[in-house]
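> 3D model of this:
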Amino acid sequence: MALSRMVLVALALLPLSAAAQMYQWKDAEGRTHYSDRPPTGNVPSRTIREAPSLTGDPGGARKGLATQNMDFRKRQGDKGAADEKAEKGKQDAEEKARNCEQARTHMRNLESGQRMVATDEKGQQSILDDAAREREKESAQKAIDAWCK
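From the prediction side, this is the model:
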C-alpha cells in the first residue's frame, strides 16, 4: 500500500520535472551539456527553456486570457471581412458573366442578318437600317470588350 502511494506521488511529480528550467553549455573539451541546473564555475551558459511561474499569479493568467480573447475576436472579424469580400467577388463575377453573355447574344443577333427593331425614347419602334445596325455592332463589340475579359 505504501509502495503504491509512493509510485503515485512520483508519477504526479514527474510533469513538474519536465517543466523545469533547462541550461546548455560547452565544457573545456568542446562537449555540449544539457542540465536542469546551471554549470558550476565561471562557464558561460545559455537558458534553453524558462521555468514556469509557480507564484499562482491569476492576474497574469487573466491578462493572457484577455489577450487570447482579443486575438480571437480579431481573427473572427478578419474572417468575416474576408468572407464578405469573397462573396462580393463571386457576385461581381456572376454579373460580369451574365453581361458578357448578353452582349455576345446581342452581337450574334446583329450579325445574323435578320430584321431587327429598335425602340426610341418615346417608345416608337423602327426597323434598323444598315447604318444603325453597324452602330449597334460597334456598341455591342465595346460591351463584349468590357465584360468578356
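> so who does residue 141 touch?
Residue 141 sits next to residue 107 when contact means C-beta atoms under 8 Å, 6 or more residues apart in numbering. Every residue, glycine included, has its C-beta placed from N, CA and C.
> how about a cut-off of 10 Å?
By C-beta atoms under 10 Å, 6 or more residues apart in numbering, residue 141 lies in contact with 103, 107, 110.
> what about the helices in the protein?
Secondary structure of the chain (DSSP state H): helices at 2-18, 58-111, 130-147.
> just the buried ones among the contacts of residue 141, please.
Buried subset of these (neighbour count, 16 or more other C-beta atoms under 10 Å): 103, 107, 110.
> which of the residues you listed sits closest to residue 140?
Taking C-beta to C-beta as the measure, residue 140 lies nearest residue 107 of the buried ones among the contacts of residue 141, at 4.3 Å.
> residues contacting that closest one?
By C-beta under 10 Å, 6+ apart, the contact list for residue 107 reads 136, 137, 139, 140, 141, 143, 144.
> do that again at 8 Å, thanks
Contacts of residue 107 (C-beta under 8 Å, 6+ apart): 137, 140, 141, 144.
> ok, residue 92 next?
Residues counted as contacts of residue 92 (C-beta under 8 Å, 6+ apart): none.
> any idea how far it is from residue 108?
Counting by C-beta to C-beta, to the nearest Å, the gap from residue 92 to residue 108 is 25 Å.
> just residue 47 next, same as before
For residue 47 relative to residue 108 (C-beta to C-beta), the value is 76 Å.
> now do residue 122
Residue 122 sits 28 Å away from residue 108, going by C-beta to C-beta.
> just want to know which of those two has more residues nearby.
Higher neighbour count among residue 122 and residue 108: residue 108, with 10 against 5, using other C-beta atoms under 10 Å.
> any low-confidence regions in this protein?
Applying pLDDT under 70 to the chain flags the ranges 1, 3, 6-20, 49-63.
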